[in-house]
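>>> Quick one, fold the following:
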Amino acid sequence: MTARPIRPWLFTPAIFLAALITVSTMVISQPVSAAGCTNPYTVVSGDSFYRIAIKMGVPESKRADYVAQILWINHNPRVIHPGDELCLPPTSQTPEPGPRREWTREEVEKIIRNIWPDMSEGIALAVVNRESRFNPYSHSGTCCYGLFQIYWEVHKVRASALHRFLGGKGEPGPHILYSPRFNTLLALQMYRQGGWAPWCSSSGFPTAC
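Okay, the predicted model is just below:
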């Protein structure tokens, strides 16, 4: 029995191109997976992370934290498009996981003084005063968190490594920077590698960069 020859007309350029466009469209239109999500959301035209927070009824003072949770749960997507599926934080846990402890300025200062070496703790305290006014839950509204206003997207790999070194499990999200001790430890690590450079872009820096 001989094999039947393949007929060239079955694979004309037009048919091949049509098949390629169909496959490409299927791949491009594939939404972001939110498998196992208990609170899925489909992105519509005009959405942004903050607009989604508004739609969900999150109070204005808590929207930045809610957005941080969305980014954390969905592995920090940089761009969203209509049709994408996001997993939103459960409404029962909005806007942040767990209660917050109230910190006094004296407690925060003590943490910084205990962690930073004596020769640089004065400047570290000046930086924290300028960046967050000693508020561990300070948030820039976009990128930066905690006492030293650490840029999460830039330093999240370093933060994850420190989290594991300290015995933490799983991958942390930006909320870990709200811990005054963790934020201070990470800031010291950044300083030891690059000096004061991460804080030099702001005006009023207390020392020459």
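>>> burial measure for residue 187, as a count.
As a burial measure, residue 187 scores 26 neighbours (other Cβ atoms under 10 Å). C-beta: built from backbone N, CA, C; applies to glycine.
>>> tally of neighbours for residue 173?
Neighbour count for residue 173, taken as other Cβ under 10 Å: 19.
>>> residues touching it, list them.
68-69, 71-73 (Cβ atoms under 8 Å, 6 or more residues apart in numbering).
>>> Check residue 82 too.
Contacts for residue 82 were tallied using Cβ under 8 Å, 6+ apart; they are 43-45, 47.
>>> Max pairwise distance over those residues: which two?
43 and 45 (8.4 Å; Cβ to Cβ).
>>> These two: who's more crowded?
Neighbours of residue 43 and residue 45, each counted by other Cβ under 10 Å, are more numerous for residue 43; the result is 20 against 7.
>>> Next one: that one relative to residue 58, how far apart?
17 Å (Cβ to Cβ, to the nearest Å).
>>> Could you list the low-pLDDT ranges of the protein?
Residue ranges of the chain with pLDDT under 70: 1-36, 90-99, 201-204, 207-209.
>>> List the buried residues for the strand or helix carrying residue 127?
Applying DSSP states H and E as the criterion places residue 127 in helix 118-132. Buried residues in helix 118-132, counted by 16 or more other Cβ atoms under 10 Å: 120-121, 123-125, 127-128, 131-132.
>>> Which one of the residues you listed is nearest to residue 109?
Using Cβ to Cβ, residue 125 comes nearest to residue 109 of the buried residues of helix 118-132, at 6.5 Å.
>>> In which helix or strand does the residue lying closest to residue 121 once chain neighbours are set aside reside?
Closest residue to residue 121 apart from its sequence neighbours, by Cβ to Cβ, 6 or more residues apart in numbering: residue 113 at 5.3 Å. If you go by DSSP H and E, residue 113 is part of helix 105-115.
>>> which residues are contacting that helix?
Contacts for helix 105-115 (Cβ under 8 Å, 6+ apart): 121, 124-125, 128, 134, 136, 147, 180-181, 184-185, 188.
>>> What is the distance between that helix and the centre of its chain?
Between the centre of helix 105-115 and the centre of its chain there are 26 Å (Cα atoms, centre = their mean, to the nearest Å).
>>> That helix to helix 118-132, inter-axis angle?
Interaxial angle of helix 105-115 relative to helix 118-132 (axes from the mean of the first three to the mean of the last three Cα atoms, to 10 degrees): 140 degrees.
>>> Would you mark the buried spots in helix 105-115?
Neighbour-count burial for helix 105-115 flags 108-109, 111-112, 115 (criterion: 16+ other Cβ under 10 Å).
>>> Quickly list the domain ranges of this protein.
33-93, 105-199 (automatic domain parsing).
>>> Which one of these lies nearest to residue 205?
Proximity to residue 205 (Cβ to Cβ) singles out domain 105-199 among the domains of the chain, at 6.2 Å.
>>> Next, count neighbours for residue 168.
Residue 168 has 14 neighbours, counted by other Cβ under 10 Å.
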